[in-house]
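Novice: Build me a model from this:
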Amino acid sequence: MIITDYNMPSVDGLALTQFISNDSQQSHIPILMVSSEVSEVNTSI
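Specialist: Residues are numbered from 1 along each chain as shown. The predicted structure is shown next:
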């Protein structure tokens, strides 16, 4: 399993998941993407 953040300095999480999904040797690996991004909608719940 790969655990990654959505926001990273060198590449965004979506680009990383696309890269992994398109690689036949890694495409079977599950990916869990998290984010430390805080928005007003999330904090009001």
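Novice: May I see the buried residues of the helix ranked longest in the chain?
Specialist: Using DSSP state H to define each element, the chain has its longest helix at helix 13-22. Within helix 13-22, the residues that count as buried by 16 or more other Cβ atoms under 10 Å are Gly13, Leu16, Ile20. In this view, the C-beta of every residue, glycine as well, is placed from N, C-alpha and C.
Novice: Any chance of JSON lines for those residues, columns distance to Ile31?
Specialist: Formatted as JSON lines, the buried residues of helix 13-22 follow (distance: Cβ to Cβ, whole Å):
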{"residue": "Gly13", "distance to Ile31": "9"}
{"residue": "Leu16", "distance to Ile31": "8"}
{"residue": "Ile20", "distance to Ile31": "6"}
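Novice: Identify, from the residues you listed, the entry nearest to Met1.
Specialist: Proximity of the buried residues of helix 13-22 to Met1 (Cβ to Cβ) peaks at Ile20, which lies at 11.5 Å.
Novice: quick one, what contacts the closest one?
Specialist: Ile2, Gln26, Ser27, Ile29, Ile31 (Cβ atoms under 8 Å, 6 or more residues apart in numbering).
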